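[1] Predicted model and sequence below, questions to follow.
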Amino acid sequence: MALVCEDLRILRNGVYARHGYVFGNEWVREHMLRDPEYKPDPTINEQTVGERLTDVDRTTAELILQMESEYGCHEYWRELESKGDESVEGSAPATDSPPKPEEPQREFAKLSEVPTTGSNGRPSLMQGYAIPAFVIDTATYGEVVQNEWLPPLTCDELARVEQGVYARYNVWFQAEDDRAFFASILYGYTPKEGTTPASVEPTLQNVDRLNLLRVNRAQGSKGCK
């Protein structure tokens, strides 16, 4: 239990560390400082970090909080705090909480089979649930997106899943950030200016058409389009 809860707490804090969040807890701070990419910024605190969080950051934090609850980690930390720092070798782990996402916690669908790595080969502890990043990867790599994965996703996340289908065909997205995103997750993505969703429509595989049908239906039910 201790290792699971400590690992989950570090994973959740890692979401904020990526943006330079300065941790008040010594154990968390020392752990993050071992990573040369962690650059603490004194201007980033509970009041300012929220505006830097991406949708993926927020949903990742939500999912980890959900997992912590399932493992009984909140009770574990309360018991640990009542015993004092001496109950753990070194400084007591993370008794303070990092800032929480502003959005209410969502319930993501559990996967029937839990892969050890993502479609792109990246290991992930998060893939016991169909979080947005997993659904986007699934569409981007030409695998079937299940209907039950889609209801918790926001309109922006559904739009990204839809883009993932077309990224497989090197569609040129108008926003540079969109092109950079898919270049970071899809090996061999080489967008060609002038290549549009309409121009690649005749070449779509059946799995892509199915994914688009499901995503568009989910978008319609949410009033996204």
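    Perfect, thanks for sending it. Numbering: from 1, shown residues only.
[2] Domains in this structure, by residue range?
    2-87, 125-222 (automatic domain parsing).
[3] want to try a markdown table for the ones you listed, with mean neighbour count and mean pLDDT as columns?
    In short, each C-beta sits where N, CA and C put it, glycine included. Below are those laid out as a markdown table (neighbours: other Cβ atoms under 10 Å; pLDDT from 0 to 100):
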| stretch | mean neighbour count | mean pLDDT |
| --- | --- | --- |
| domain 2-87 | 16 | 78 |
| domain 125-222 | 17 | 91 |
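[4] any chance of those in TSV, with distance to K110 too?
    Formatted as TSV, the domains of the chain follow (distance: least, Cβ to Cβ, whole Å):
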stretch	distance to K110
domain 2-87	10
domain 125-222	6
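[5] now what about stretch 160-177, what contacts it?
    Applying Cβ atoms under 8 Å, 6 or more residues apart in numbering, the contact partners of stretch 160-177 are 132, 135-142, 145, 150, 153, 178-179, 181-182, 186, 189-197, 200, 203-204, 208, 211-212, 215-216, 219.
[6] Mind doing that once more with 7 Å?
    135-136, 139-140, 142, 145, 178-179, 182, 186, 189-197, 200, 203, 208, 211-212, 215 (Cβ atoms under 7 Å, 6 or more residues apart in numbering).
[7] again with stretch 133-145
    56, 118-120, 127, 149, 153, 160-161, 164-165, 167-168, 182, 185-186, 205, 207-208, 210-211, 214-215.
[8] How far off centre is stretch 216-225?
    Stretch 216-225 sits 22 Å away from the centroid of its parent chain (Cα atoms, centre = their mean, to the nearest Å).
[9] do the same with stretch 11-18
    11 Å.
[10] okay, that stretch in CSV with CA atoms only?
    Output in CSV follows, covering the C-alpha atoms of stretch 11-18 (Å, rounded to 0.1, in the frame of the first residue of the first chain):
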residue,chain,number,x,y,z
LEU,A,11,2.7,10.9,-10.4
ARG,A,12,0.0,13.4,-9.5
ASN,A,13,2.6,16.0,-8.4
GLY,A,14,4.5,15.4,-11.6
VAL,A,15,1.7,17.0,-13.5
TYR,A,16,2.4,20.3,-11.7
ALA,A,17,6.2,19.9,-11.6
ARG,A,18,6.2,20.0,-15.4
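[11] Now do the same contact list for Q205.
    G142.
[12] For it, grab phi and psi.
    With angles defined as degrees, to the nearest 10, Q205 sits at phi -80, psi 160.
[13] swap in the one 10 residues further on?
    The main-chain torsion angles of V215 are listed as degrees, to the nearest 10 and equal phi -70, psi -40.
[14] quick one: the helices in the protein?
    In the chain, the helices defined using DSSP state H lie at 2-17, 26-33, 55-70, 73-83, 132-140, 155-167, 176-185, 197-200, 206-222.
[15] L111 is nearest to which of those?
    Comparing the helices of the chain against L111 with Cβ to Cβ, the closest turns out to be helix 132-140 (7.9 Å).
[16] Quick one: distance of the closest one to the chain centre.
    Relative to the centre of its chain, helix 132-140 is centred 10 Å away, using Cα atoms, centre = their mean.
[17] just stretch 164-174 next, same as before
    Per Cα atoms, centre = their mean, the centroid offset for stretch 164-174 relative to its chain is 21 Å.
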